[in-house]
Each structure stands twice: as structure tokens, then as C-alpha cells.
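K.L.:
okay, sequence plus prediction incoming.
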Amino acid sequence: MTARHHAGPRLGALAAVALLVTAMVTALTGTTAHAAAARRAPAAGTVSNSCTIQPFGNEFDYTAKVKVTGKKTKKTKAALTAKLGAMPGVSPVAVNAELSATMKVTVGGRSATLKGKRTVDVGANEPVPMPKLKGTAKVAKSAKKLPVVVKSISFEIATFGVTGDCAPTDGATLSKLKLG
């Protein structure tokens, strides 16, 4: 017999082992990814706000879809990210400027502030996209599912000298945040 004939069964067995290991890794990876996703869930809801723009004193309503995600970074600290739906188009002029926004919340009863900036470029009376907001919250060591309550949303377009403050009128309590 040649060396080729002797290597055949061994290579076949190695290929079978490699295939088995690949299948096991794929199964475990899928299960692990699924388990991590199941541990985390955003706090979400629709928050109705009454807003005032300064220096004009104009009032408007802002119904914001809010989604807050969180991940523990330390035993008693969580990194938070929030996405807000666009504000209604109440500006009578086009806006091409940086918009800063802040949202104050409570997470598990503790205060937290999330902030973000973005450049907006919208025409007159067009909806204004809000920036992604980030912040941190102190949480209990055992925290897994936490109530999130929106306390206020504010914004500034410094180029125009415009600020706005929004106070929730309904829906301020979001679904519970599951930390990952």
C-alpha cells in the first residue's frame, strides 16, 4: 500500500472531527448570542410633551417615541443610550446648524442625564431629527429590570440663539429596562 492509502482514513476522520467541532461552535455561538439578547431589552414608549421655545415663548406639543438601552459597565454603573423621534417642524425658517439635546430621566429611581449633538439640515416647517443621547446611571448591584421615567427634554440651537424645554404630560414612564 502506498502512503496515500494509509492517509485516507485518517484524513477522513480528521475532516469529520473538524465538521463536528464547527457544528458545536456554531450551535454554542448562536445560543450565547440569543441568551445575551434575551438578557437585554430597551425601555421604550411614547411620551407626550409640552414644549416652549425661547426667546420667542412659542409653545408646541412634541410626541416623542423614546427608546433607552443600557449595559452594565461596572457593578453599580450602567451606560445608557437613547433614541428620540423627530421633533415636529415648528421653525418658520430652514435650519442648518448643530442641535444639542439633553434628556433627564430616572432609572430605577435614580437620576441620570443623557446628552447628544448632531447637525440638522431641514427646511422650514420640516420635522427635526434628534441626536442620539448618551449618559450613565448609578444602579444597584443586583439591578436587572429597571423602571425608566422621562423627567424632561431640552434642546439648543446655539447658532440661532434658540433653546427649548419640554415637560412630559403623558406616557413619561417607559417599559422596564433590562440591563445586559
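P.N.:
That came through fine.
K.L.:
for the protein, give me the ranges with low pLDDT.
P.N.:
1-38 (pLDDT under 70).
K.L.:
which stretches of it form helices?
P.N.:
Remark: helices assigned in the chain by DSSP state H are 3-39.
K.L.:
hang on, residue 137 packs against residue 108?
P.N.:
Yes: here residue 137 reaches residue 108: they are 7.5 Å apart, a contact under CB atoms under 8 Å. For the C-beta atoms, the positions are set from N, CA and C on the backbone; glycine is no exception.
K.L.:
so what strands line up beside the strand ranked longest in the chain?
P.N.:
If you go by DSSP state E, the chain has its longest strand at strand 58-74. Applying DSSP bridges to the sheet, strand 58-74 is found paired with strand 43-54 (antiparallel), strand 77-84 (antiparallel).
K.L.:
rewinding a little: quick one: which of residue 137 and residue 108 has more around it?
P.N.:
The neighbour count for residue 137 versus residue 108, taken as other CB atoms under 10 Å, is higher for residue 137 (25 against 20).
K.L.:
can you pull the domain assignment for the protein?
P.N.:
Per automatic domain parsing, the domain ranges recorded for the chain read 1-39, 41-178.
K.L.:
which of those sits most buried?
P.N.:
With neighbours defined by mean count of other CB atoms under 10 Å, none of the domains of the chain is more surrounded on average than domain 41-178, at a mean of 17.
K.L.:
just the terminal-to-terminal distance for that one.
P.N.:
For domain 41-178, the first-to-last residue distance is 5 Å (CA to CA, to the nearest Å).
K.L.:
residues in contact with the closest residue in space to residue 145 that isn't next to it in sequence?
P.N.:
Nearest non-adjacent residue to residue 145, counting by CB to CB, 6 or more residues apart in numbering: residue 176, 4.6 Å away. For residue 176, the contact set (CB atoms under 8 Å, 6 or more residues apart in numbering) comprises 41, 43, 145, 146, 147, 148.
K.L.:
if anything else comes up later, I'll come back, but that's it for now.
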